[in-house]
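[1] build me a model:
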Amino acid sequence: NPRGTSLLKDSISFTEVSASGLFEGHDLLRRGFTSVKSELLPSHPLELTEKNFQLNQDKTNFATLRNIQGIHAPLKLQMEFRAVKQVQRLPFLHSSNMAMDILRGNDESIGFEDILNDPAQSEVMGEPHMMMEHKLGLL
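    Prediction:
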């Protein structure tokens with residue numbers, strides 16, 4: 001083999017055989033029912049814009065800040081966002097991201113997710129060891 005690649009190129013990788021891999025069926029308790037339609041198309045035309053709302057709002061705020069105060073202001077704010085995103089709790093613990101809310105100015109407003117909770121942050125407690133291994137790339 002001239003390039004040193006493995007002869008078992010078409011073999012099954014370890015990640016495919018792991019906890020929810022090739023030899024195990026779909027786990028309904030953890031993942032729910034599968035739906036091909038929901039994976040292919042968004043259910044509503046506004047769903048895509050709602051998913052990207054915060055990103056679009058941040059881009060608009062950075063552009064406005066750059067026009068008003070110059071290039072240093074959005075760069076400083078982006079560095080603060082990046083620093084706040086790096087500090088997280090363990091993956092199996094719920095994090096409120098209060099520092100991110102303060103940077104965005106959402107700490108004084110009451111929204112849908114404050115009353116009825118964000119559906120993306122469900123209260124499902126996962127297995128701590130599996131979640132840490134997944135975050136570290138071991139699974």
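[2] what's the closest non-adjacent residue to Arg66?
    In this structure, Arg66 finds its nearest non-sequential neighbour in Pro74, 5.0 Å apart by C-beta to C-beta, 6 or more residues apart in numbering. Every C-beta, even on glycine, is put in place using the N, C-alpha and C of the backbone.
[3] check whether the one you found really touches Leu65, as I assumed.
    Yes: at 4.9 Å, Pro74 counts as touching Leu65 under the criterion of C-beta atoms under 8 Å.
[4] and these two? Which one has more around it.
    Using other C-beta atoms under 10 Å, the more surrounded residue of Pro74 and Leu65 is Pro74, with 20 against 17.
[5] tell me how far the more buried one lies from Lys59.
    Relative to Lys59, Pro74 is positioned 10 Å away (C-beta to C-beta, to the nearest Å).
[6] give me the element the nearest residue to Ala63 once chain neighbours are set aside is part of.
    Closest residue in space to Ala63, ignoring its immediate chain neighbours: Pro74 at 7.9 Å, by C-beta to C-beta, 6+ apart. Counting by DSSP states H and E, the secondary-structure element that holds Pro74 is helix 72-86.
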